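here's a sequence, model it:
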Amino acid sequence: MKSFEDYCWRDILTEDMERIYSAYQRERSVAPRTALVIIHPSADFKPKIGLNWIEQINLLAAYHRDRGQAVIHSVPKLSTPLAEINRKSTDLICSRPCESAFMFSELEPFLTKTDSTGVIVCGAPTSGAVRATAVEAKSFGYKTAIPEDAVADNASLLHKTALFDVAHKYADVMQSEELIVLMSHGN
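Numbers count the residues shown, from 1 in each chain. Model prediction:
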């Protein structure tokens, strides 16, 4: 596994920031029963960073389905799920009227129904709905992770600072492959 600070924000990290935020470094893990929460962006979203995000989401979704764990699509109100993100009949879909997939939606009841103890949040945009959902996931008591390579944004700085902030306060940021290794080893 990469060291705690060796992710996309590494190039904007100063010595002062590293010293100040060193207290937030911790061993990263995943919950025993994670649900994959896929944040679908609006139809006009055009990513400039994280260009392989859909490929990684489809990989994580297939892995979750094979393990019998929930795959939940969070779609902006009055939008349809992105066609490039593979959906199966067993997947759950919930509409979201605001940035957080938790607020005013069926996400929390879906997580309760599927006996999920944690969430892996992926999708786009990183600095909007992904970040908001990660913050709320922690507030609702779910162990939360974000696969750095399965999120996207249209601004590099916003993408990096959102992941930096989330990694130090709300969720464990890792690569999809690192998450799969942890899940396959029961952690």
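
where does the protein have low pLDDT?
Along the chain, segments meeting pLDDT under 70 span 187.

tell me the strands in it, going along the chain?
34-39, 71-76, 92-96, 118-123, 143-147, 172-174 (DSSP state E).

which ones are touching the most centrally placed residue in the chain?
In the chain, the centroid-proximal residue (CA atoms, centre = their mean) is V121; its distance is 2.1 Å. V121 is in contact with V37, I39, A101, V130, T133, A134, A137, T144, A145, I146, A171, counting by CB atoms under 8 Å, 6 or more residues apart in numbering. Bear in mind the C-beta positions are built from the backbone N, C-alpha and C, glycine included.

quick one: the second one and S74 touch, right?
Yes: counting by CB atoms under 8 Å, a contact exists between I39 and S74, whose distance comes to 5.2 Å.

what touches both of those two?
In contact with both I39 and S74: A101, G123, A129, T133, using CB under 8 Å, 6+ apart.

want to throw those residues into CSV with neighbour count and distance to L158?
Converted to CSV, those look like this (neighbours: other CB atoms under 10 Å; distance: CB to CB, whole Å):
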residue, neighbour count, distance to L158
A101, 33, 19
G123, 30, 15
A129, 23, 13
T133, 29, 16
